[in-house]
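**Student:** one predicted model, sequence on top.
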Amino acid sequence: MKVAYWPGCVSRGFTPELHGSMAKIAPLLDIELIELDRGSCCGAGVIAEHSQELADTLNARTFALAQQTDGHMMMNICSTCQGAQTECQERLDANAEYRAIVNETLSEDGLTYEKGITNKNLLWLLVEDFGLDELRSRVKRPLTNLRVGPFYGCYIVRPEDRLGIDHVKPRDTYLSLLIEALGGTVIEYAGMHKCCGFPIVTMNKEASLKQAGRHLGDAKDADADCVVTPCPLCHLNLDLQQPGAEKITGRVLDMPVLHLPQLVGLALGLSPKDLGLGRHVVKPTSVIDWSSSVVAGVGAGDRGW
Amino acid sequence: MAEFTLRLRRYDPESGAAPYWDEHTIDLEPHRSVLEGILQAKARFDGSIGIRCSCKAAICGSCGVRINGQPGLACHTHLDHALRGARDGVIEVEPMGNMPVIKDLIVDMDAVHWKKIHRVTPWLINKEPIPEREYVVPRESMVDITQSMACIQCGACVSDCLSMEVDPLFVGPAASAKAYRFVGDPRDAQQFERLQDLAEDPHGIYDCTHCFKCIDACPKGVAPMSQIMRLRRRAGNDHHIKDRNNGERHESAFVTLIKDYGLLHEAELLPRSYGGDSWFGKFHPKAGAELLDSLPAITKAVMRRKVSIKGALLGHKIPKADLNAVQRIYKKIEGRDERLELNLYITGYDEDVDGAETPPATAATGAGQPGAEPGQPGQTPEGSPSR
Ligand code: SF4
Ligand code: SF4
Ligand code: SF4
Ligand code: SF4
Ligand code: FES
């Protein structure tokens, strides 16, 4: 499957292990990534907060670039990109006159956006297009006994109408389905669909980290070994800021946070090192211990990272 | 007729006993409402069940509850629909969240919801001198606020607001939507003061975590979060209110960084959000203090090779030609006199793309325009859609 791949900025900046692990799993799943390296940041809702037309036009440009490739669809690896881009797409697709105004701006660059691009997060693509049965058949090292808590990120679960979530496409349950297909144990907990607090970390740090800390605490209380998220921004608040969240909530959390492709990669047989697990602020010791107990071949020499 | 089982959350704070669940099986047509189910249970099995309701028609806003964990109106949720969302075949009804329970499904709206509504001065502040007769404003200028006028004060959005969950002082979705109802009203005399008040409040408009919960919760399509974003646009963009919460600085730093680099330069965003939107922002004392606070996290990130020093200093860019294209887009749009905004609540969706006659992006359909006089001189009623 060929896809026009939108990595987003954070996966190339503060969470390079995400972009890296995506590149590692793609060939194992026969997904060919045509990277959209000419596109600009989706704006994460902040540019739209400043000017809707600006956000819509910048994203229309990225969509137009994706439509120039021969990819089957556009794919992202960031809940926030999914949400912010879908919001812009909703306006662009809803109104021909508005779209014409945006396209006129793009035409100076020789680009046009045509209504109706399909843009999916890796999570949706794996469940809906690649298929869980196919995924199951490629698992080399099932995540047996690994207790994984899903963390979605708001932008990929709300608003339901805009994101096309209903009982036919229960996209707000896909992480659980995926963890199961990879052979892991799903740990559901109160905060899994809630907000990590990232958008207000510069405005109200205390409230922001209280949110992150509370959800991680819930996952810990439910005995999760780690949580997994399809959103690098969630990762920043849940992993990078976890020491701060521990201080504010007054409890030791020590909860590893995995990016979605890292979890998939582990089941496909890649080593924690290949997947950049050592780059996290919270050392995923439980996950590494699990992986070395599963693979007898991983010797002491490979543990230096 | 069909049977449905309801699981109701019961609690009487005065009794001193802990909350408990109570199950009743009722008999109703599947299209009837959860409220009717509860009322039947009350009539047939247990008269002491506490539920508040009045209109039974999604107008009065009395019957806000949580159904299978989701906030909404009991009178506006069909039994068959509710059953589909039930985890174990039983429809679960709880009182709304973020507000204290008075009894069973009745929460104390005064203690939270109404207090916050009063906080935003929920009435029109007259211009001086007060017009002798009515205010005359162009019809178009009222369209923008019809969405927040649709609020029925049910509190469903307040129930599940994720910022309020960790910060009970947050002004919250319903009150913010109400604030926009006046900030967007051309007849109001104190729009600037309202905005400044809400921007400067540490629990005001910049305390919303952008979680979309209130959008999904609202039975009336008010989309309180979108109204908060409108308030921010007006405060930051139109009035340049540099609030002490870094709200305006954060937004303006983000927007500028994308113009300069095409992609987000995270290492610059943080200091600029605290210190001010320029390369020098990071030398501002506020930026220094914050960086010191974040230093342990940043050091760790560098140590783990998550972020390289070089990457942190230089950021990442897109190719030159593309950056030029992005900057052309900025220039064109930022150069417009007026912001172009498409509110789908008002315009609706095209029926069909191909050759569809569409309303102009800024025009509105007639979802109730109180105040505005039809047929003002200079207005063109023929041009506006049905009223
Ligand atoms: S979500 Fe963030 S990181 Fe991703 S592209 Fe959008 S703004 Fe950039
Ligand atoms: S959970 Fe946090 S980072 Fe993730 S989508 Fe929500 S706000 Fe964004
Ligand atoms: S979007 Fe903002 S106001 Fe709405 S529920 Fe979330 S935090 Fe509350
Ligand atoms: S905004 Fe919607 S959910 Fe909130 S009180 Fe008003 S009607 Fe109810
Ligand atoms: S009873 Fe009036 S809104 Fe439900």
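**Tutor:** That came through, no problem. Ligands and ions are numbered 1, 2, ... in the order given.
**Student:** okay, CA-based contacts and neighbour counts for the rest of this
**Tutor:** Fine.
**Student:** average pLDDT across the host helix or strand of B:V158?
**Tutor:** In this assignment (DSSP states H and E), B:V158 forms part of helix B:156-160. Taken as a whole, helix B:156-160 has an average pLDDT of 98.
**Student:** can you tell if that helix touches chain A?
**Tutor:** No: in terms of C-alpha under 8 Å from any C-alpha of the partner chain, no part of helix B:156-160 sits within range of chain A; the closest distance is 10.0 Å.
**Student:** which residues does that helix contact?
**Tutor:** With contact meaning C-alpha atoms under 8 Å, 6 or more residues apart in numbering or on different chains, helix B:156-160 is reached by B:64-65, B:71-73, B:96-99, B:113, B:164, B:172-174, B:213-215, B:217-219, B:224.
**Student:** show me which of those neighbour ligand 4.
**Tutor:** When those are filtered against ligand 4 using C-alpha under 6 Å from any ligand atom, the residues retained are B:A174, B:A217, B:C218, B:P219, B:P224.
**Student:** which helix or strand contains the nearest residue to B:E334 once chain neighbours are set aside?
**Tutor:** Counting by C-alpha to C-alpha, 6 or more residues apart in numbering or on different chains, A:L54 is the residue found nearest to B:E334 once chain neighbours are left out, at 8.0 Å. A:L54 is part of helix A:52-68, with elements assigned from DSSP H and E.
**Student:** so how far is that helix off the chain centroid?
**Tutor:** In this view, helix A:52-68 has its centroid 20 Å away from the chain centroid, taken as C-alpha atoms, centre = their mean, to the nearest Å.
**Student:** that helix near ligand 1 at all?
**Tutor:** No: figure legend: helix A:52-68 not in contact with ligand 1 (C-alpha under 6 Å from any ligand atom); closest approach 9.6 Å.
**Student:** partners of the next helix or strand along the chain from that helix in the sheet?
**Tutor:** Using DSSP H and E, the next helix or strand after helix A:52-68 towards the C-terminus is strand A:73-76. Strand A:73-76 has the following strand partners under DSSP bridges: strand A:2-6 (parallel), strand A:119-121 (parallel).
**Student:** looking at those, which is closest to ligand 3?
**Tutor:** strand A:119-121 (21.6 Å; C-alpha to the nearest ligand atom).
**Student:** one step back: the helix holding B:V158 close to ligand 4?
**Tutor:** Yes: residues of helix B:156-160 are located near ligand 4 by C-alpha under 6 Å from any ligand atom, namely B:A156, B:C157.
**Student:** touching ligand 5 at all, that helix?
**Tutor:** No: Helix B:156-160 stays clear of ligand 5 (C-alpha under 6 Å from any ligand atom), getting no nearer than 10.8 Å.
**Student:** alpha carbons only: can I get that helix in CSV?
**Tutor:** Taking Å, rounded to 0.1, in the frame of the first residue of the first chain, the C-alpha atoms of helix B:156-160 are listed here in CSV:
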residue,chain,number,x,y,z
ALA,B,156,-24.3,19.1,29.8
CYS,B,157,-21.1,20.8,28.6
VAL,B,158,-20.1,21.8,32.2
SER,B,159,-20.7,18.2,33.3
ASP,B,160,-17.8,16.9,31.3
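**Student:** ok now it, how far from the chain's centre?
**Tutor:** Remark: helix B:156-160 is offset 10 Å from the chain centroid, using C-alpha atoms, centre = their mean.
**Student:** residues of chain B that sit close to ligand 2?
**Tutor:** B:C211.
**Student:** show me the strands in chain B, by range?
**Tutor:** Under the criterion DSSP state E, strands of chain B are mapped to B:2-10, B:20-28, B:64-67, B:70-73, B:91-94, B:101-103, B:106-107.
**Student:** ok, chain A next?
**Tutor:** In chain A, the strands defined using DSSP E lie at A:2-6, A:32-35, A:73-76, A:119-121, A:147-150, A:185-186, A:226-229, A:257-259.
**Student:** of all the ones you listed, which one is nearest B:N126?
**Tutor:** Closest approach to B:N126 among these is made by strand A:119-121 (48.0 Å; C-alpha to C-alpha).
**Student:** from the stretch 201-350 of chain B, which residue is nearest to ligand 5?
**Tutor:** For the stretch 201-350 of chain B, C-alpha to the nearest ligand atom, closest residue to ligand 5: B:P219, 9.3 Å.
**Student:** now do the phi/psi pair for that residue.
**Tutor:** phi -80, psi -10 (degrees, to the nearest 10).
**Student:** mind listing what it touches?
**Tutor:** Taking C-alpha under 8 Å, 6+ apart, we find B:P219 in contact with B:G72, B:L73, B:H76, B:A156.
**Student:** redo that, cut-off 7 Å
**Tutor:** B:G72 (C-alpha atoms under 7 Å, 6 or more residues apart in numbering or on different chains).
**Student:** now do the same for it: its pLDDT.
**Tutor:** Per-residue pLDDT puts B:P219 at 97.
**Student:** same thing with A:H193?
**Tutor:** The predicted structure scores A:H193 at 97 on the pLDDT scale.
**Student:** equivalent analysis for A:D289, please.
**Tutor:** pLDDT at A:D289 comes out at 89.
**Student:** check the spacing between it and ligand 2 real quick.
**Tutor:** Distance of A:D289 to ligand 2, computed by C-alpha to the nearest ligand atom, to the nearest Å: 27 Å.
**Student:** residues near that residue, how many?
**Tutor:** Neighbour count of A:D289, defined by other C-alpha atoms under 10 Å in any protein chain shown: 10.
**Student:** tell me which other helices or strands the helix holding A:L54 touches.
**Tutor:** Using 3 or more C-alpha pairs under 7 Å, 6 or more residues apart in numbering or on different chains; DSSP states H and E, the elements in contact with helix A:52-68 are helix A:46-50, helix A:79-94.
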